[in-house]
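In: Model the structure of this input:
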Amino acid sequence: MINLIFAAVEIPMLSDIVWIFGLATLVILVFMRLKIPTIIGFLFTGALAGPYGLSLVQASDTVDILSEIGVILLLFVIGMEFSLKSLMAIKKAVFIGGALQVTLTILISTFVSYFLGFDWAVSVFIGFLFSLSSTAIVLKLLQEGGQINTIPGRTTLAILIFQDIVIVPLMLFTPMLAGETDNVAWSLFLMALKGTLVVILTLLSAKYFVPTLLYRIAKTRNEELFLLSIIVICFAVAYATSLLGLSLGLGAFLAGLIISESDYSHHATGKILPFREVFLSFFFVSVGMLFDITFLFEHIIPILALTLLTFIIKFITASIAVRVIGQGFKEAFMVAFSIFQVGEFSLLLAKVGLNYSLLDADTYQYFLAISILTMAVTPFVLKKREEISCSILNLPLPKRLNKKFGNEDHPEIKLEEELKDHLVIIGYGLNGRNLSKAAKTADIPYAIIEMNPATVREESIKGEPITYGDAANETVLEHVKINKARVAVIAISNAEATKRIIAAIRHMTQNPYIIVRTRYVNEIEDNLKLGADEVIPEEFETSIEIFTRVLGKYLIPKHDIEDFTEEVRSHNYELFRFSPGDKMPRKKIDLPEINFVGVMVEKDTGKYINNTLRESGLRNELGINVVAIKRNGKTITTIHPDEKLKLGDVVYVAGKPDALEKFEADVEID
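Out: Alright, predicted model coming up:
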């Protein structure tokens with residue numbers, strides 16, 4: 001016990017983690033009640049716990065490492081939710097829009113900095129710093145708001161991807177600005193060569209290696225092995241790109257792209273998300289720890305003025321870049337309202353600038369204050385970006401400008417039509433397959449979730465809208481748009497998994513009507529409590545179907561049969577759960593005294609044969625009515641009193657059971 005205590009004391013990071021998460025829990029709890037975004041809570045936590053606050057955290061370098069892991073996992077998840085096809089669809093936005101935004105921001109920031117008294121080298125470096133935006137904050141907010149797949153969302157992602165790529169040459173140029181003699185041109189050539197190699201390896205891995213590997217791993221049905229393989233792919237690719245001199249974040253994004261080409265990306269995303277949230281919180285805390293609140297208050301006026309100037313410059317450059325690639329003013333403004341902040345890679349680049357004496361201590365603190373303030377207001381601005389953009393477009397402008405602003409644009413990105421009012425089928429066994437066939441016949445849109453990788457592969461080839469994944473995973477449910485579904489049918493045989501799926505759906509939305517298939521009736525109550533709307537136990541539904549057919553043979557009216565079955569179901573099948581000797585509830589069913597049968601005439605003579613129906617007295621004497629006669633393959637439904645029964649006829653008659661027995665004895669051979 002004593003050894004364990006000493007071991008804990010020897011881990012300085014342990015106390016830091018306790019302080020960070022403990023303080024973050026309290027801060028975010030308060031911020032949530034005030035409806036302030038959690039990102040601001042983490043930044044505030046870092047400011048409180050950091051060296052300029054209460055100095056609660058000592059191992060700041062370790063926090064930085066954990067925060068870097070958070071950024072890696074964020075970009076990895078973004079890559080998995082994207083695809084190479086989607087990336088190619090926005091290549092214009094990446095390479096033209098991104099390059100234009102970065103170049104214009106560097107040029108304008110350089111001239112502004114020079115005007116404020118900095119020399120040219122420092123001014124250019126400051127332009128480098130302000131040209132980058134926060135990938136971590138913006139993409140997290142876009143994901144939470146479900147905006148990543150909108151046109152402005154994808155354009156924002158495209159520009160951020162370019163910024164993550166361009167950080168490498170900016171790092172290479174920094175020593176040259178400081179007067180170092182490194183051969184930058186040769187370094188840039190090597191970087192381009194390495195980048196080409198990375199792209200080729202990414203394409204080959206996405207097409208051939210990783211899908212096959214994940215298919216074999218998924219077939220084992222071992223979730224621990226699946227999670228381990230996903231993490232290995234993420235960090236292996238990130239590490240490989242870092243060895244080539246590219247950023248870890250870019251490598252993580254490429255790793256995500258590789259997995260996105262397989263059927264397992266949504267399931268993998270759900271597995272990684274908890275880890276991403278934990279490590280990403282360290283990133284925001286680490287940024288907050290840099291914040292010197294005393295310096296902010298001492299220089300509040302110039303800091304606020306420079307923050308506003310930063311916003312204006314980045315808003316203008318982003319708007320121009322988006323307009324140049326052919327998108328409308330609304331989309332341009334929405335992108336600009338998303339990436340106006342200073343990014344986390346700028347903080348990394350600023351530290352390099354400090355090492356090369358391109359920034360002094362005061363300039364560095366100004367830069368940190370502007371960076372954190374722009375990051376802090378980002379959640380508020382991004383949440384209202386569409387509303388603010390529309391307000392700008394609706395300003396009373398001169399006719400000429402108003403007409404220009406109102407022009408319709410034709411964006412290059414065509415988004416897929418979203419599912420809505422559809423059916424979600426969970427489990428693609430016999431019941432799931434039959435349900436999908438019925439839905440297709442009825443022209444009802446549907447989506448399928450299945451955990452068998454072989455089934456997913458086969459049905460995907462056939463064109464079925466099937467997704468690999470655990471339906472208890474909210475990421476998988478989001479992919480099939482569970483919140484917009486009308487009905488969700490859980491057709492799996494695993495009772496515990498069924499409960500987890502019901503709970504996951506109800507945690508996300510109350511919208512779909514949930515129908516559950518179970519094997520046993522004792523599972524009904526638990527499923528209903530969790531949020532299922534209807535539970536169908538297989539063992540009793542078969543009995544109900546058989547009994548309804550029995551009732552049909554007793555000529556019970558259809559609506560009485562439906563009332564009976566509905567009552568059985570509404571009482572959770574209690575009729576079938578009574579043991580011998582129990583007092584059972586009674587359901588009054590009025591059995592008619594008549595029956596309806598078909599009788600073959602097997603004799604050629606007799607009282608009822610070859611005589612007219614009027615003469616035979618069939619109706620008057622026995623009380624039997626002839627409904628139809630089948631003769632020589634034809635059915636006669638209009639029966640006249642002069643009709644005669646003949647050998648070989650099939651006579652359909654209705655009457656009391658004892659009368660029918662007498663009639664059968666007269667026309668059939670014993």
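
In: does the residue most central in space within the chain belong to a helix or a strand, and which?
Out: By C-alpha atoms, centre = their mean, the chain has its centre lying nearest to E478, at 2.7 Å. Following DSSP states H and E, one finds E478 within helix 474-479.

In: which secondary structure elements does that helix contact?
Out: helix 265-289, helix 495-508 (3 or more C-beta pairs under 8 Å, 6 or more residues apart in numbering; DSSP states H and E). C-betas here are computed from N, CA, C, even on glycine.

In: can you give me the strands for the stretch 351-500 of the chain?
Out: Per DSSP state E, counting those that start in this stretch, the stretch 351-500 of the chain carries strands over the ranges 423-426, 446-450, 466-468, 487-490.

In: Go through these and name the closest to I313.
Out: strand 466-468 (43.1 Å; C-beta to C-beta).

In: ok, residues contacting that closest one?
Out: For strand 466-468, contacts defined as C-beta atoms under 8 Å, 6 or more residues apart in numbering pick out 218, 263-264, 266-267, 428, 447-451, 453, 455-456, 459-460, 476, 479-480.

In: buried stuff in stretch 61-77?
Out: Residues 62-64, 66-77 are the ones in stretch 61-77 that count as buried (16 or more other C-beta atoms under 10 Å).

In: if I look at N473, how far off is T467?
Out: Using C-beta to C-beta, to the nearest Å, we find N473 at a distance of 10 Å from T467.

In: any residues in contact with both of these two?
Out: Counting by C-beta under 8 Å, 6+ apart, the common neighbours of N473 and T467 are H266.

In: follow-up on the earlier one: I'd like the average pLDDT over the helix holding E478.
Out: In this model, helix 474-479 has a mean pLDDT of 82.

In: any idea how far it is from the chain center?
Out: With C-alpha atoms, centre = their mean, to the nearest Å as the basis, helix 474-479 stands 3 Å off its chain's centre.

In: One more: stretch 358-376?
Out: 37 Å.

In: Confidence-wise, which helix or strand of the protein is lowest on average?
Out: When the helices and strands of the chain are compared on mean pLDDT, DSSP states H and E, helix 2-9 comes out lowest with a mean of 48.

In: Quick check: bridge partners of I466?
Out: Residues in a beta bridge with I466, per DSSP bridges, are I448.

In: ok, it to I426 distance?
Out: On the measure of C-beta to C-beta, I466 and I426 end up 11 Å apart.

In: Repeat that for F333.
Out: Between F333 and I426 the computed distance is 41 Å (C-beta to C-beta).

In: same thing with L395?
Out: The spacing between L395 and I426, counted by C-beta to C-beta, is 49 Å.

In: Which one of those two is surrounded by more residues?
Out: I426 (30 against 9; other C-beta atoms under 10 Å).

In: and the more buried one, what are its bridge partners?
Out: Beta-bridge partners recorded for I426 (DSSP bridges): I449, I490.

In: May I have the predicted confidence score for it?
Out: 92.

In: sorry, back to before: ok, now which ones touch the residue nearest to the centre of the chain?
Out: Shown in contact with E478 (C-beta under 8 Å, 6+ apart): G146, M508.

In: where does the stretch 551-670 of the chain have low pLDDT?
Out: 551-594, 670 (pLDDT under 70).

In: quick one: the strands in it?
Out: So, for the stretch 551-670 of the chain - with DSSP E, counting those that start in this stretch - the strands run 595-600, 625-631, 634-636, 650-655.

In: Give me the distance from the second one to the chain's centre.
Out: So that's strand 625-631. 62 Å.

In: Okay, buried residues for the helix or strand that the least confident helix or strand of the chain is followed by please.
Out: Where DSSP H and E defines the elements, the next helix or strand beyond helix 2-9 is helix 12-33. Of all the residues in helix 12-33, those buried under the rule 16+ other C-beta under 10 Å are M13, D16, I17, W19, I20, L23, A24, V27, I28, F31.

In: What is helix 12-33 packed up against?
Out: Short answer (3+ C-beta pairs under 8 Å, 6+ apart): helix 12-33 packs on helix 38-49, helix 60-81, helix 265-289.

In: Helix 265-289 and that helix, what's the angle between them?
Out: Angle of helix 12-33 versus helix 265-289, following axes from the mean of the first three to the mean of the last three C-alpha atoms, to 10 degrees, is 100 degrees.

In: Helix 12-33: how far from the chain's middle?
Out: With C-alpha atoms, centre = their mean, you get 28 Å for helix 12-33.

In: same thing with stretch 338-354?
Out: 31 Å.

In: now stretch 660-670
Out: 69 Å.

In: Contacts for that stretch, please.
Out: Contacts of stretch 660-670 (C-beta under 8 Å, 6+ apart): 595, 597, 599-603, 606-609, 618, 622, 624, 645, 651, 653, 655.

In: List the buried residues in it.
Out: L660, F663, D666, V667.

In: cool, and stretch 160-169?
Out: L160, I161, F162, Q163, D164, I165, V166, I167, V168.

In: How about stretch 490-508?
Out: Under the neighbour-count criterion of 16+ other C-beta under 10 Å, stretch 490-508 has I490, A491, I492, A497, T498, K499, I501, I502, A504, I505 buried.

In: Show the contacting residues for the closest residue in space to A659 that isn't next to it in sequence.
Out: Residue nearest to A659 in three dimensions, not counting chain neighbours: L622, with 4.4 Å by C-beta to C-beta, 6 or more residues apart in numbering. Contact analysis of L622 by C-beta under 8 Å, 6+ apart lists G655, A659, K662, F663.

In: Dump these to CSV, plus distance to E386.
Out: Below are those laid out as CSV (distance: C-beta to C-beta, whole Å):
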residue, distance to E386
G655, 75
A659, 79
K662, 83
F663, 80
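
In: Let's see which of those end up in helices.
Out: Judged by DSSP state H, the contacts of L622 include A659, K662, F663 as members of helices.

In: Quick check: which helices or strands does the stretch of helix or strand T156 belongs to pack against?
Out: Element membership for T156, per DSSP H and E: helix 151-177. Here helix 151-177 touches helix 98-115, helix 120-131, helix 135-144, helix 184-204, helix 248-260, helix 300-324, helix 329-336, helix 344-355, going by 3+ C-beta pairs under 8 Å, 6+ apart.

In: Pick the most deeply packed of those helices.
Out: Counting by mean count of other C-beta atoms under 10 Å, helix 248-260 has the highest mean neighbour count of the helices and strands packed on helix 151-177, with a mean of 26.

In: Could you check the angle that one makes with helix 60-81?
Out: Using the same axes, to 10 degrees, the inter-axis angle of helix 248-260 relative to helix 60-81 is 30 degrees.

In: so what secondary structure elements neighbour helix 248-260?
Out: In this structure, helix 248-260 packs against helix 60-81, helix 84-89, helix 151-177, helix 184-204, helix 210-219, helix 223-243, helix 265-289, with contacts taken as 3+ C-beta pairs under 8 Å, 6+ apart.

In: Mind checking those helices for the one nearest to F340?
Out: helix 151-177 (11.2 Å).

In: first vs last residue of stretch 212-227, how far apart are they?
Out: Start-to-end span of stretch 212-227 (C-alpha to C-alpha, to the nearest Å) is 16 Å.

In: Quick check: buried residues in that stretch?
Out: In stretch 212-227, counting by 16+ other C-beta under 10 Å, buried: L214, Y215, I217, A218, F226, L227.

In: I'd say the fifth one and I272 touch.
Out: No: at 11.0 Å, F226 does not count as touching I272 under the criterion of C-beta atoms under 8 Å.

In: could you pull out the helices for the stretch 351-500 of the chain?
Out: 361-383, 385-393, 399-405, 430-441, 453-461, 474-479, 495-508 (DSSP state H, counting those that start in this stretch).

In: what does the first one rub up against?
Out: Pointing back at helix 361-383 there. Taking C-beta under 8 Å, 6+ apart as the rule, helix 361-383 contacts 37, 39-40, 43, 126, 129, 134, 137-138, 141-142, 145, 287-288, 290-292, 295-296, 299, 302-304, 306-307, 310-311, 337-338, 340-342, 346-347, 350, 353-354, 359, 388.
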